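J.: What would the 3D arrangement of this be:
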Amino acid sequence: MLNKEKILGLKYWLTNLIFGYFFSLGMMALLNKGDFMDWVINNPHPKTSFQIIVFLVVLAIILGVNIIAYFNNDKKLSMNFPNWTRILKAGLLIFIYFIFRKSNLIFLLDSQFFSFSQIIGSEEIVVLILAFSCSLYLTSVINFSSIEISSKIKKIVWWLVVIIGVLIFLLISCLPLTTFNAPASDVGLFNQVFYNYSRFITPYSTIRGVTHIWADHFHPTIMLLVPFYWLFKSPITLLILQALIAVSGIIPLYLVINKLTKNYWLSLTAMLVFVLYPGLQMALSFGFYPENMAPALFLWAFWFLINNNIWKYFLFLILWIGLKESIPLHAFMLGIFIYFWGKDLRFNLNIKRYKLTAIATIIISIVWFLLATKIIIPAHAQDFYPWAKTSASNYIYANNYQDFGSSFPQIAKSILTNPLHTFYVFFHPDLKLYTLLKIIISFGGLILVPISIIAFPMFGENFLSSRFVQYNWNFHYQAQFSAILALSAILSIYYLFKRYQKPKIIIFGAVYLLSASLLTSLFLRSPFIGLKNFRLSQLVLDREIIEPLKIIPAQASVSAQNTLAPILSGRDTIYLFPRVDGAEYIVLVPQLSRYPLTDDEYQTISNGYLNGGDNYKIVIRNEKIIILRKSQ
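T.: You can find the predicted model right below:
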């Protein structure tokens, strides 16, 4: 006969299975392996190995979670049985969402300006629903508040996160180069710039087509990396330095959160969310960009700021804004934040001093921005090669905001005087909205505290732009959000805790944020997820490609394909094929990226040279590489 405890136990395990079933279906929908409602209505039995694997993995995780709960509750899992209602809610939340997603009611939300039915039905919202449901389930089964860890174990865990973060960032930054996937226009470009810096000559780039790199962007901070480049003149040096500086941000992030919240778990969560953010990972895997190091330098500056180490704060502030001419706009908002909300940061400063710090930050930001965009970059405006000049403007990137004007005064005036148009441009075309959702879901949508205003110029820079790559998720422009939104997400959780005085908010918030971060990585196939296929052999350059390159003299001019050019870029002249301009050598590897050419264009142009065009003769040809030399 069933007693009360057995009935509760039956309900508990039944709701575990219900949650597992709905969560599995949600995961398949997220991974585009099946539609939730079609599965329920038309195809209730798994027919593919993938679907079976998903079910088994979720069930294994549920079993593992319950084993943890069993030992955490002194081998009394029955203590969890009364939580069956919360577990049921976690499963039903997924089911109700997908029903609503397929109902006609969702179309009532559509308007002339936004298709809310598409937004609410998007995979980005599925991530948030699954993350919330997962967090509700985990906090119902595991009593996180009863878990006690010694200070020694906490240090070990902290070091593990740091070491894992370093390894992840190093691998995703360096693997594209060693597997011939790093682009010429970024890795090759900057390797040639550093090659020139290291020889104390003008930092020109024949890939970008500038006789001084400051004609393109103003980033003097990177000159501090030149001494490291002297030790080992290779693009891998730049990628390693970029990865190490970028990942160093988790240290001040931990220290800042620990100081402001006095909570180890929130501090650790902040580190993990920063490392897992797909936008930063995408940027690191895409190439070398000075602004990829900006989140870390901001966090170091912020740490010194709240510790009243003003001189170090200003030092890192200068280093931060010296990574790109647009970053002073971010620093300007930092100054605004300090002025109005500095009292909430537990400064060891009197009110007058932190307001002076805020004013100094604002002034430095304005002066730096004006110097960079009105004097320094325009002074080099004529340093573009004729074929590389894309605008008649003295600052070519002002043309990215053609919806508002062609100069900064015009752009600012249009934005301020026509806010409805600004609002419309910010969200259109639809791709902007989905990129925005991807950024927000990476941090659980937790943007509830004033510090998030520092990200406003970042959002404006990307989403008011008419330049496709700037608001496209698949490029490097979304990396800059990592530090600000990680801080904002964690401090939002702490703000809710302080307001409602419920310790469970911190536990639930941390679990939810980590769930959202992991599910976003899975959904977006982040470089971290891609490491599942990593092999040590990938760290070694293909000898069949590298060995033949040794016949090319170090000072010879070369035209090479996109992802081969970085390897050859430490020289006076390197062009991105099909630009040749009389280069002494042309290097082709047909199986590598043919950007910026289509396959047909590549075949036509390369065949022209292979057939002796412009007096080029084949000197090496094997299954992978072709090297041509220009006859005298």
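J.: Checking my notes, residue 595 in a strand, right?
T.: No: using DSSP: H, G, I helix; E, B strand; the rest coil, the assignment for residue 595 is coil, not a strand.
J.: Report pLDDT for it.
T.: For residue 595, the pLDDT comes out at 91.
J.: Quick check, pLDDT for the closest residue in space to it that isn't next to it in sequence.
T.: What sits nearest to residue 595 in space, not counting adjacent residues and going by C-beta to C-beta, 6 or more residues apart in numbering, is residue 562, at 4.5 Å. In short, each C-beta sits where N, CA and C put it, glycine included. Reading off the confidence values, residue 562 has pLDDT 93.
J.: Now for residue 562, how many residues are close by?
T.: Number of residues near residue 562 (other C-beta atoms under 10 Å) recorded here: 23.
J.: Same check on the one 3 residues further on?
T.: Around residue 565 sit 28 other residues, with neighbours defined as other C-beta under 10 Å.
J.: any idea how far residue 625 lies from residue 554?
T.: Per C-beta to C-beta, to the nearest Å, residue 625 is found 18 Å from residue 554.
J.: So those two - more neighbours on which side?
T.: Legend: neighbour count by other C-beta under 10 Å for residue 625 and residue 554, higher for residue 625 (22 against 8).
J.: Tell me which residues touch the more buried one, please.
T.: By C-beta atoms under 8 Å, 6 or more residues apart in numbering, the contact set of residue 625 is 544-545, 548-549, 587-589.
J.: give me the low-pLDDT residue ranges for the stretch 51-200 of the chain?
T.: The stretch 51-200 of the chain contains residues with pLDDT under 70 at 74-75, 77-78, 104-115, 117.
J.: which residues in it form helices?
T.: With DSSP state H, counting those that start in this stretch as the criterion, the stretch 51-200 of the chain has helices at 84-102, 116-120, 123-141, 151-178, 189-197.
J.: Deepest-packed of these, please.
T.: Each of those was scored by mean neighbour count; the highest is helix 189-197, a mean of 25, by mean count of other C-beta atoms under 10 Å.
J.: can you list the helices of the stretch 51-200 of the chain in a markdown table and add distance to residue 283?
T.: Formatted as a markdown table, the helices of the stretch 51-200 of the chain follow (distance: least, C-beta to C-beta, whole Å):
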| stretch | distance to residue 283 |
| --- | --- |
| helix 84-102 | 32 |
| helix 116-120 | 25 |
| helix 123-141 | 19 |
| helix 151-178 | 9 |
| helix 189-197 | 14 |
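J.: Quick check: which of those helices is nearest to residue 471?
T.: Closest approach to residue 471 among the helices of the stretch 51-200 of the chain is made by helix 123-141 (14.9 Å; C-beta to C-beta).
J.: CA atoms only: put the closest one into PDB for me.
T.: Output in PDB follows, covering the C-alpha atoms of helix 123-141 (Å, rounded to 0.1, in the frame of the first residue of the first chain):
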ATOM      1  CA  GLU A 123      15.700  30.500 -31.100                       C
ATOM      2  CA  GLU A 124      17.100  33.400 -29.000                       C
ATOM      3  CA  ILE A 125      13.900  33.400 -26.900                       C
ATOM      4  CA  VAL A 126      14.000  29.600 -26.700                       C
ATOM      5  CA  VAL A 127      17.400  29.900 -25.100                       C
ATOM      6  CA  LEU A 128      16.000  32.100 -22.300                       C
ATOM      7  CA  ILE A 129      13.000  29.800 -21.700                       C
ATOM      8  CA  LEU A 130      15.200  26.800 -21.500                       C
ATOM      9  CA  ALA A 131      17.700  28.600 -19.300                       C
ATOM     10  CA  PHE A 132      15.000  29.700 -16.900                       C
ATOM     11  CA  SER A 133      13.300  26.300 -16.900                       C
ATOM     12  CA  CYS A 134      16.700  24.600 -16.300                       C
ATOM     13  CA  SER A 135      17.500  26.900 -13.400                       C
ATOM     14  CA  LEU A 136      14.100  26.300 -11.800                       C
ATOM     15  CA  TYR A 137      14.700  22.600 -12.100                       C
ATOM     16  CA  LEU A 138      18.300  22.600 -10.700                       C
ATOM     17  CA  THR A 139      17.500  24.800  -7.800                       C
ATOM     18  CA  SER A 140      14.500  22.600  -7.000                       C
ATOM     19  CA  VAL A 141      16.600  19.400  -6.900                       C
END
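J.: quick check: domain ranges of this structure?
T.: Domain assignment for the chain by automatic domain parsing gives 4-146, 151-533, 543-630.
J.: Quote the end-to-end distance of the shortest one.
T.: Going back to what we said before, that points to domain 543-630. In domain 543-630, first residue to last residue: 24 Å (C-alpha to C-alpha, to the nearest Å).
J.: quick one: low-confidence ranges for the stretch 351-500 of the chain?
T.: For the stretch 351-500 of the chain, the ranges with pLDDT under 70 are 351, 389-392.
J.: the strands in it, which residues?
T.: In the stretch 351-500 of the chain, no strands are defined using DSSP state E, counting those that start in this stretch.
J.: Helices of that one, start to end?
T.: Counting by DSSP H, counting those that start in this stretch, the stretch 351-500 of the chain has helices at residues 351-370, 377-379, 408-417, 419-427, 430-441, 456-463, 482-500.
J.: Tell me which of the ones you listed lies nearest to residue 99.
T.: helix 430-441 (21.3 Å).
J.: what's next to that closest one, contact-wise?
T.: 114-115, 118-119, 122, 124-125, 127-128, 131, 278-279, 426-427, 447, 459, 462-463, 468, 471-473, 478, 481, 485, 516, 520, 524.
J.: Is it possible to mark the buried ones in those residues?
T.: Buried members of those, counted by 16 or more other C-beta atoms under 10 Å: 115, 118-119, 122, 124-125, 127-128, 131, 278-279, 426, 447, 459, 462-463, 471, 473, 478, 481, 485, 516, 520, 524.
J.: Quick test: name the residue nearest the centre of this structure.
T.: What sits nearest the mean C-alpha location of the chain, by C-alpha atoms, centre = their mean, is residue 279, with 1.6 Å.
J.: report the angle between the axes of the helix or strand it falls within and helix 482-500?
T.: Element membership for residue 279, per DSSP states H and E: helix 278-286. With axes from the mean of the first three to the mean of the last three C-alpha atoms, to 10 degrees as the basis, helix 278-286 and helix 482-500 are set at 170 degrees to each other.
J.: Follow the chain on from helix 278-286 and name the next helix or strand.
T.: Counting by DSSP H and E, the next helix or strand C-terminal to helix 278-286 is helix 294-306.
J.: Now that following helix - C-alpha only, PDB.
T.: Output in PDB follows, covering the C-alpha atoms of helix 294-306 (Å, rounded to 0.1, in the frame of the first residue of the first chain):
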ATOM      1  CA  ALA A 294      39.600  46.500 -24.700                       C
ATOM      2  CA  PRO A 295      37.200  44.600 -22.300                       C
ATOM      3  CA  ALA A 296      40.200  43.400 -20.200                       C
ATOM      4  CA  LEU A 297      41.800  46.900 -20.100                       C
ATOM      5  CA  PHE A 298      38.500  48.400 -19.100                       C
ATOM      6  CA  LEU A 299      38.100  45.900 -16.300                       C
ATOM      7  CA  TRP A 300      41.600  46.600 -15.000                       C
ATOM      8  CA  ALA A 301      40.900  50.400 -15.100                       C
ATOM      9  CA  PHE A 302      37.600  49.800 -13.300                       C
ATOM     10  CA  TRP A 303      39.200  47.700 -10.600                       C
ATOM     11  CA  PHE A 304      41.800  50.400  -9.800                       C
ATOM     12  CA  LEU A 305      39.100  53.000  -9.800                       C
ATOM     13  CA  ILE A 306      37.000  51.300  -7.100                       C
END
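J.: I am finished for the moment; much appreciated.
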